[in-house]
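Student: Sequence plus the predicted model coming up.
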Amino acid sequence: MLNPTAAAILARDERVILTFLGDRMEMSHSIEGRVPFLDHHVAEYAAHVPIDMKIRGIREKHVLREATKDCLIDAVYHREKHPFTTPPAKNSEDPMMQFFRDTLASRAFDAQPIYDPLKVRSLADVWRTAAADQRIAVEGIMNRIVSTTVMHDRFRMSTEVR
């Protein structure tokens, strides 16, 4: 059984990978992709791998890198992780824009303790009417804010000190 923090991170990562990095990206290019590391058997096994095998210093995916070291060129083996993003929402009718609007208008967003709801809603109002190149720059931030809100709500995370 995963602890609540690990479960929250896994749920967030799975949602981000499938929604933002997988399905939308693939659909926008008319391809079908496979996400083998999200297979529940692999995820359950990986949940029991000690953290020091997953992360060495600040380098993530240590055990995966070691397992594939003989197959990777040196540049790939030592490469830092970098984001892989999806196409931005096309317009105000895009389903992701509706998801952003709904989440930012929710009580769950008001209850999360990290972001100032008034400032974020103000940013969102400007963002929705901004030029496409400006929307792209802010969309990643909005994705993080909305993901944090959903994770906070789903796992009933609290800022109370125990």
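Tutor: Nice, thanks for sending it over.
Student: Okay, buried residues for the longest helix seen in the chain please.
Tutor: Longest helix in the chain, counting residues (DSSP state H): helix 132-154. Buried residues in helix 132-154, counted by 16 or more other Cβ atoms under 10 Å: 135, 138-139, 142-143, 145-153. Just so you know, the C-beta spots here come from the backbone N, C-alpha and C atoms, and that holds for glycine as well.
Student: Turn these into TSV, including distance to L72.
Tutor: Putting the buried residues of helix 132-154 into TSV (distance: Cβ to Cβ, whole Å) gives the following:
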residue	distance to L72
R135	36
V138	35
E139	32
M142	34
N143	29
I145	35
V146	34
S147	30
T148	33
T149	37
V150	34
M151	32
H152	37
D153	39
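Student: circling back to that earlier point, work out the gap between the longest helix of the chain and the centre of the chain.
Tutor: Relative to its chain's centre, helix 132-154 lies at 9 Å (Cα atoms, centre = their mean, to the nearest Å).
Student: now swap in stretch 50-63 and tell me
Tutor: Counting by Cα atoms, centre = their mean, stretch 50-63 comes out at 19 Å from the chain centroid.
Student: contacting residues around the nearest residue to A108 once chain neighbours are set aside?
Tutor: Once flanking residues are discounted, A108 sits nearest to D153: 3.7 Å by Cβ to Cβ, 6 or more residues apart in numbering. D153 makes contact with 106, 108, 111-112, according to Cβ atoms under 8 Å, 6 or more residues apart in numbering.
Student: Hmm, E60 is touching R79, no?
Tutor: No. With contact defined as Cβ atoms under 8 Å, E60 does not reach R79; the gap is 11.0 Å.
Student: picking that back up, from the buried residues of helix 132-154, which is closest to K119?
Tutor: I145 (10.4 Å; Cβ to Cβ).
Student: all helices for this structure, in order.
Tutor: Going by DSSP H, the chain shows helices at 4-15, 24-28, 40-47, 51-54, 62-67, 74-77, 95-104, 107-111, 117-129, 132-154.
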